[in-house]
Each structure stands twice: as structure tokens, then as C-alpha cells.
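Enquirer: When you get a sec, could you give me coordinates for this:
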Amino acid sequence: MKENQCDYDCSDEKTSSCNCNGDNCNTNSCCCKSQDHGNNYTDTITTTKYMLEKAFYTALMQVQVEKIKKKIETEWGSTLDKTTDIIMQTMTKQWQADISKLESSKELCHELENIFSKKNQEG
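Expert: You can find the predicted model right below:
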């Protein structure tokens, strides 16, 4: 076995003594894999374990989010309905006002184009 190489024991004690710089990373893949959080995909067991752990925490977070959403809906449902209604009313008015401004702006541009094109024809 080469010097500084792990015995496939990736515990903290072993990896802390590893030198994983440059070419050593190929010979010390166990050590290097621990240091880059399992992103070295040459060891399928370690990679699979890493992916499963990550998936577990992702799923746990998603379950927690759903539970929180249900509690919020239960406790704040009517208040959220009211705020949603007022936001919809306000945004609809703003959207309609923006369209009116756009139409007015287009009309102004069209009128200015007419004025300048007539001036150029006269000139």
C-alpha cells in the first residue's frame, strides 16, 4: 500500500491524515471523496450512499414544507383569501392602467410620426 493512502476506512481520523493534492487524489480516492463530499463518482457505493442521504433530506424538507403549508392554510386561510382578493383587485387595476398608458404612448408616437412625416414631405 502507498504512503498516505486510506484503507477504505473513510472515518474522520483516517481522512484527516490524508494528503489529497494533485495526483495523490487518484491514489487516495477514499480520502479525497470525503473531502469533496462524495462528488467523486468513481466509487459507486459511496456515491449511492451520498445520493440516498441527500434524497432523504430533500424529501424530509418537502414533507415539512407540506405540513407547514397545511397549518398555515388552517390557521390563516380566511386572512390569506382576503389578501389574495385585494392583491388581485389591485394588480388588475394596475395592469389595466399600464395598458391604457401603453395605448396612449403608442397613439402619441403615431401622431408624432405623422407630424414629422408631413414636415419632411413639405420640406
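Enquirer: can we go C-alpha only for contacts and neighbour counts from here?
Expert: Fine.
Enquirer: Low-confidence ranges, the protein, go.
Expert: Along the chain, the parts satisfying pLDDT under 70 run over 1-41, 123.
Enquirer: Can you report how many residues lie near D43?
Expert: Look at D43: counted by other Cα atoms under 10 Å, it has 13 neighbours.
Enquirer: ditto for T47
Expert: By other Cα under 10 Å, the residues close to T47 number 17.
Enquirer: so which helix or strand takes in it?
Expert: Per DSSP states H and E: T47 is located in helix 44-122.
Enquirer: what does the domain assignment say about this protein?
Expert: 1-42, 53-122 (automatic domain parsing).
Enquirer: mind checking the SS state of T42?
Expert: Assigned with DSSP: H, G, I helix; E, B strand; the rest coil, T42 falls in the coil class.
Enquirer: From Q89, how far off is T83?
Expert: 10 Å (Cα to Cα, to the nearest Å).
Enquirer: whoops, I mixed them up, E75
Expert: Taking Cα to Cα, one finds E75 at 24 Å from Q89.
Enquirer: just to revisit the earlier point, spit out the residues that contact T83 and Q89 alike.
Expert: Contact with both T83 and Q89 is made by no residue, according to Cα atoms under 8 Å, 6 or more residues apart in numbering.
Enquirer: Which strands or helices does the helix holding T47 pack on?
Expert: Using 3 or more Cα pairs under 8 Å, 6 or more residues apart in numbering; DSSP states H and E as the contact test, no helix or strand touches helix 44-122.
Enquirer: okay, stretch 80-89 in PDB with CA atoms only?
Expert: Extracted in PDB, the C-alpha atoms of stretch 80-89 (Å, rounded to 0.1, in the frame of the first residue of the first chain):
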ATOM      1  CA  LEU A  80     -55.000  34.700   3.100                       C
ATOM      2  CA  ASP A  81     -58.100  34.600   1.000                       C
ATOM      3  CA  LYS A  82     -58.800  38.300   1.800                       C
ATOM      4  CA  THR A  83     -55.200  39.300   1.000                       C
ATOM      5  CA  THR A  84     -55.300  37.300  -2.200                       C
ATOM      6  CA  ASP A  85     -58.500  39.000  -3.300                       C
ATOM      7  CA  ILE A  86     -57.200  42.500  -2.600                       C
ATOM      8  CA  ILE A  87     -53.900  41.800  -4.400                       C
ATOM      9  CA  MET A  88     -55.900  40.500  -7.400                       C
ATOM     10  CA  GLN A  89     -58.100  43.600  -7.500                       C
END
